[in-house]
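*Asks:* return a 3D structure for these sequence lines:
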Amino acid sequence: MQADSSRDHPRSQNKNGASVDSCNVELDVYEGPLDLLLYLIRKEEIDIYDIPIARVTEQYLHYLEMMRMLNLNFAGEFLAMAATLLYIKSKTLLPPEEATEEDEEPVEDPRAELVRQLVEYKQFKDVAQDLQEMETRHQSTFRRHDTTAPPLQEVERPLSDVTMFDLLSAFSEVLERAAREEEVHEVDEEEVTVAEQVDLILSRLRENRELLFHSLFPERAGRMMIIATFLALLELMRLKKLVAVQDHPFAEIKLLAR
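*Replies:* Below you'll find the predicted structure:
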């Protein structure tokens, strides 16, 4: 992921005139539209063979909107998949075609091709993960003896990898909380930069090598503050200043200093 914190970049403004650095963020690890769909299927506990296409399409477009709002540079495949989902959704809303005696085959479910792609891709990812785990076990079994103590960040912990979609999901929850706060309280928006938030996060990590994701966003934090903080977090992950982990999938995200 790449974010430029320069003050010379254009700034986006909210209705109150508050602004935040507008940053372009690039992802180091490629996570494509099929990854996002599989993430939504796991998160919503959906049967991959019976996808509620309207619900998944709504969720998918919500994540795309967040990526656009954050100026995340994502591949055109995401937009192509969005078009595919909308097409499938429109097909499912049409009345089913009545089969005639001349029809040799029943009308195929409009979701069928997407399901085939997802199942095939999931199998590929599962095999890749199994191979990676085998390699990790092999390295730990035949590790060369080293008398030096390993650095703190290399100590093995039973933690789950955090994907970009985990971060976006947590970010969405923070934004929703801020929207509820604005309905109850008047929130003063101040000009804030990503660079300032980078320094703030690093300062907190020096005091405590482990932070909870939601602790970065205090109550009554304004929308611009939340966006700047999240972009600062992505920048620090890109620079390998910190790593994001979970105790198990969809658990609270923890940020560890490297």
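*Asks:* name the nearest residue to the most centrally placed residue in the chain, sequence neighbours excluded.
*Replies:* Central residue of the chain (CA atoms, centre = their mean): F165, 1.7 Å from the mean position. Take F165 and drop its neighbours on the chain: the residue closest to it by CB to CB, 6 or more residues apart in numbering is Y39, 4.4 Å away. Where C-beta positions appear, they are placed from N, C-alpha and C, glycine not excepted.
*Asks:* mind listing what's buried in the helix or strand encompassing the one you found?
*Replies:* For Y39, the element it lies in under DSSP states H and E is helix 33-43. By neighbour count on 16 or more other CB atoms under 10 Å, the buried set for helix 33-43 is P33, L34, D35, L36, L37, L38, Y39, L40, I41.
*Asks:* can I get those in JSON lines with distance to L85 and pLDDT?
*Replies:* Putting the buried residues of helix 33-43 into JSON lines (distance: CB to CB, whole Å; pLDDT from 0 to 100) gives the following:
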{"residue": "P33", "distance to L85": "9", "pLDDT": "95"}
{"residue": "L34", "distance to L85": "12", "pLDDT": "95"}
{"residue": "D35", "distance to L85": "15", "pLDDT": "95"}
{"residue": "L36", "distance to L85": "11", "pLDDT": "96"}
{"residue": "L37", "distance to L85": "8", "pLDDT": "97"}
{"residue": "L38", "distance to L85": "14", "pLDDT": "96"}
{"residue": "Y39", "distance to L85": "14", "pLDDT": "96"}
{"residue": "L40", "distance to L85": "11", "pLDDT": "97"}
{"residue": "I41", "distance to L85": "13", "pLDDT": "96"}
